[in-house]
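Asks: what would the 3D arrangement of this be:
(one chain, ligands or ions: 2)
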Amino acid sequence: MVTKILHIDKYKADPGALEEAGRILRGGGLVAFPTETVYGLGGNALDPEAARKIYAAKGRPSDNPLIVHISQVSELTPLVKEIPAMAEPLIRKWWPGPMTLIFKKSGAVPDETTGGLDTVAVRMPSHPVAAALIKASGIPIAAPSANLSGRPSPTSARHVIEDMDGRIDMIIDGGECEIGLESTIIDVTGAEPELLRPGFITIEDIRALTGGGKIDPAVTAPGGDGLRPRAPGMKYRHYAPKAPLAIVEGEPEAAAEEINRLCSEAASRGQKAGVICSGAMAARIKCPLVAELGEDESPESAAPRLFAALRKMDEEGADLIYAQAYRDKGVGLAVMNRLRKAAGYNIIKVHSPLG
Ligand code: TXA
Ligand code: MG
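Replies: Ligands and ions are numbered 1, 2, ... in the order given. Below is the predicted model:
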């Protein structure tokens, strides 16, 4: 299959420019498109055959449910059984935006889209190209991240081309994704909102808005990805670069020292080590291969660069990768959730002389 590449200026996106892409989607084809979080691999959410094509293109097991993307709140009603009261303030505050909500599904959503679950994940993206594409197609769009299963999510069209060229009908290049981590997923079918996947919208934000909110224990613990269904073992290592990755946890100066020691050990064995860390820490790192996650130590500046950094390690042929740890607060919870999964929960703890 020849994949058509369409360049769209984010600031000039209108449904007219996306008419052909909309036609492809209505006809059962697949179109990758930018969102504010990561690139999505879109297909008609109401067409079981399109869902099957998505799973095939990603090489993804078909029991892993897809997120349905809409462009207006009114498009939610036909997809769900009910809109629980707790969802209302969340929708008012964060749609359009990087938040996915889990509802009980209506009969309109095929089992193929939800991986056989009786719930459906819905999101209204704020990216102008995504919004214009959904409008141009006139249908809800099922879209997982547009990477091959197991690889880091794509935050630029180049990443999508790497993974999907020749496998889908069209890739829309709308530049870099601003947030760079997948949407925050909140289950609103229970007694209080439950965070299933951390993202740019944090548990602190959810609690401040709703006065409630628990975290699925699998968000920080090994052995699951925080999301149902939990296919045992299979989802253990996600977002994975080709080389083994270890997270080095500890006070920055001591962590940098340990990373330098590990890198020179690797070099003496003839192995190429790579380091993923903040610009602040990079100043202390002696390894020649470094991917910087922004200037300062904040997880906000790390988030949009993390997946590109993991891909860079593959491109540069790293044999071993060491990554700096961030604190599990705010957006740090999402950054560490992705890093831990990429590392297969391989964590080196460093104790500074002061403890
Ligand atoms: O930011 C995003 O959410 C991106 C962009 C493209 O919108 N999409 C994305 O999709 O990250 P994907 O398929 O890579 O991740 C969706 C996650 C999966 O881990 C899936 O298990 C979970 O959402 N999910 C989908 N439907 C669900 C449901 N009904 N219940 C629980 N988890 C669900
Ligand atoms: Mg994904």
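
Asks: how about the residue nearest the centre of the chain, what does it touch?
Replies: Nearest to the geometric centre of the chain sits E182, at 2.8 Å (C-alpha atoms, centre = their mean). Counting by C-beta atoms under 8 Å, 6 or more residues apart in numbering, E182 makes contact with T37, V38, S145, S153, R197, G199. Bear in mind the C-beta positions are built from the backbone N, C-alpha and C, glycine included.

Asks: restricted to strands, list these.
Replies: Among those, the members falling in strands (DSSP state E) are R197.

Asks: most surrounded residue in the contacts of E182?
Replies: T37 (30 neighbours; other C-beta atoms under 10 Å).

Asks: wait, that residue touches I185, no?
Replies: No - using C-beta atoms under 8 Å as the test, T37 is too far from I185 to be in contact (11.1 Å).

Asks: common neighbours of the two, please.
Replies: Common neighbours of T37 and I185, counting by C-beta under 8 Å, 6+ apart, are G199.

Asks: what about the single nearest residue of the stretch 101-250 of the chain relative to ligand 1, neighbour count?
Replies: Nearest residue of the stretch 101-250 of the chain to ligand 1: P144, at 2.9 Å (C-beta to the nearest ligand atom). Using other C-beta under 10 Å, P144 has 22 neighbouring residues.

Asks: per-residue pLDDT, it?
Replies: You'll see P144 listed with a pLDDT of 95.

Asks: what of R237?
Replies: 61.

Asks: name the residues of the chain found near ligand 1, please.
Replies: Counting by C-beta under 6 Å from any ligand atom, the chain comes close to ligand 1 at 35, 37-38, 40, 64-67, 100, 102, 114, 117, 119-121, 123, 143-145, 182-183, 185, 196, 225, 227-228.

Asks: which residues of the stretch 201-350 of the chain score low on pLDDT?
Replies: 223-237 (pLDDT under 70).

Asks: tell me where it has helices.
Replies: Remark: helices assigned in the stretch 201-350 of the chain by DSSP state H, counting those that start in this stretch are 203-210, 252-268, 279-282, 299-315, 332-342.

Asks: give me whichever of those is most buried.
Replies: Greatest average neighbour count among the helices of the stretch 201-350 of the chain goes to helix 332-342 (a mean of 23), per mean count of other C-beta atoms under 10 Å.
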